[in-house]
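> structure for the following, please:
(one chain, ligands or ions: 1)
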Amino acid sequence: MSFFQGKRVLITGGSSGIGLAAAQQLNAQGAELILVARDVGKLREAKDSLLSSPGGSGAAVELLPFDLADKSALVEAVRSLDGPVDILINNAGITRPGNFLELPEDCFESMMRVNYLGAVELTRLLLPPMIEKKQGSVAFVSSLLGLMGIWGYTAYAASKFAVRGFAECLRSELKPHNVSVTVCYPPDTDTPQHEGEKPFLPPETVAQAGTAGLLTADYVAECLLAGIADRRFEVIPGLQAKFAATMNRLAPGLVHSVLDWDARKAQQTP
Ligand SMILES: NC(=O)c1ccc[n+]([C@@H]2O[C@H](COP(=O)([O-])OP(=O)(O)OC[C@H]3O[C@@H](n4cnc5c(N)ncnc54)[C@H](OP(=O)(O)O)[C@@H]3O)[C@@H](O)[C@H]2O)c1
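Below is the predicted model of the structure:
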């Protein structure tokens, strides 16, 4: 029997990309889902696709539309839930690459609100019943950019590093309560978010990120869910991302030299 069979899972960003892929796999494995996103139309489409999928389990799919950046809407939405959740997957996120001085000032705040504070607030509200039952899982989708910074991601990487710091501390605190914490650090993944950021990418970012490859949302979701089921703390999908993260830990100076070389090459290309 799947670890997720009969579990109630709330997943933010469940209407698109990695979140939707995870929702499909969770539904196929018999999990009851609560999908969070802002756009009600996209949420309905996601629900219809889950319920009509030949591989679907027929388990319940609930929609909970709200904006993670709006704390009072978040609190109200969680209050409207009928009972506790067993697994919380903080997956929703936004990005806006660009050179630091050219980025809109407010994007630093909006990314912290959605990518970091939204996850913190949801965790704060959904955790107490898990602690009480001494059972549950809290997962976060950070990014490879939550482990290492590259050109063009000052705002985004900072929000993803924040998720990592929060989760590392939370892991220790929740261990005695048998609630597991998992953080997933995907590299570039083929999703609407990845497509949407392309017009904003400085050439140096393209050069530095180009070597890490492009994963599918299905594969990243599979790695994320396997990590949650195994109660693993760290999940880095893909061999290239694992290699990059390991090198960045062991030899950050060397990694910086390679990144600087990539950036110089991009600047010299007409
Ligand atoms: N794609 C990549 O290359 C990549 C790499 C590393 C990490 N990640 C991370 O993986 C996670 C999923 O990304 P993705 O690529 O699958 O993105 P995506 O396809 O753009 O999906 C993002 C999801 O988050 C929801 N969302 C965005 N802002 C929200 C808000 N303020 N409140 C509630 N829901 C919100 C979106 O729905 P609405 O727009 O309707 O709200 C959508 O369902 C993100 O945390 C992202 O940073 C992605």
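> what bits of the stretch 51-200 of the chain have low per-residue confidence?
The stretch 51-200 of the chain contains no residues with pLDDT under 70.
> list the contacts for the residue in it positioned nearest to the ligand?
Residue nearest to the ligand within the stretch 51-200 of the chain: residue 93 (2.2 Å; Cβ to the nearest ligand atom). (Each C-beta comes from the backbone N, C-alpha and C, glycine too.) The contact partners of residue 93, by Cβ atoms under 8 Å, 6 or more residues apart in numbering, come to 13, 114, 115, 141, 143, 159, 160, 193.
> also residue 266?
Taking Cβ under 8 Å, 6+ apart, we find residue 266 in contact with 203, 204, 206, 207, 208.
> kindly report the same for residue 178.
134, 135, 136.
> narrow those to those in helices?
Using DSSP state H, no member of these falls in helices.
> top of the residues you listed by neighbour count?
Most neighbours among these, by other Cβ atoms under 10 Å: residue 136, with 23 neighbours.
> how many other residues sit next to the closest residue to that residue other than its chain neighbours?
Of all residues not flanking residue 136 in the chain, residue 130 sits nearest, at 2.9 Å (Cβ to Cβ, 6 or more residues apart in numbering). Residue 130: 23 surrounding residues under other Cβ under 10 Å.
> that older thread, farthest-separated two in the contacts of residue 266?
The span of these, defined through Cβ to Cβ, is set by 203 and 208 at 9.7 Å.
> who's more crowded, the two?
Counted by other Cβ under 10 Å, residue 203 and residue 208 do not tie: residue 208 has more neighbours, with 23 against 14.
> my guess is the more buried one contacts residue 149. True?
No: in terms of Cβ atoms under 8 Å, residue 208 does not count as a neighbour of residue 149; the distance is 9.9 Å.
> in a strand, residue 104, correct?
No: using DSSP: H, G, I helix; E, B strand; the rest coil, the assignment for residue 104 is coil, not a strand.
> residues contacting it?
Neighbours of residue 104 in contact, by Cβ under 8 Å, 6+ apart: residue 96.
> which residues of the protein lie near the ligand?
Contact residues (Cβ under 6 Å from any ligand atom) of the chain with the ligand: 12-13, 15-19, 36-39, 42, 67-69, 91-95, 114, 141, 143, 186, 188-189, 191-194.
> buried stuff in the helix or strand hosting residue 245?
Assigned by DSSP states H and E, residue 245 belongs to helix 239-250. By neighbour count on 16 or more other Cβ atoms under 10 Å, the buried set for helix 239-250 is 240, 241, 244, 245, 248.
> now the helices for the stretch 151-270 of the chain?
If DSSP state H, counting those that start in this stretch is used as the criterion, the helices of the stretch 151-270 of the chain fall at 154-174, 192-197, 203-209, 217-229, 239-250, 252-268.
> and the nearest residue to residue 227 once chain neighbours are set aside, how many neighbours?
Ranked by Cβ to Cβ, 6+ apart and with sequence neighbours excluded, the top spatial neighbour of residue 227 is residue 235, at 3.6 Å. Residue 235: 22 surrounding residues under other Cβ under 10 Å.
> wait, residue 235 touches residue 182, no?
Yes: Residue 235 is within contact range of residue 182, at 6.2 Å (criterion: Cβ under 8 Å).
> residue 255 - how many residues pack around it?
By other Cβ under 10 Å, neighbour count at residue 255 equals 17.
> show me the contacts for it.
148, 244, 247, 248.
> reformat those residues as JSON lines; add distance to residue 27.
What follows is the contacts of residue 255, written out as JSON lines (distance: Cβ to Cβ, whole Å):
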{"residue": "148", "distance to residue 27": "33"}
{"residue": "244", "distance to residue 27": "32"}
{"residue": "247", "distance to residue 27": "37"}
{"residue": "248", "distance to residue 27": "35"}
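> which residues touch residue 147?
164, 185, 236, 245, 248.
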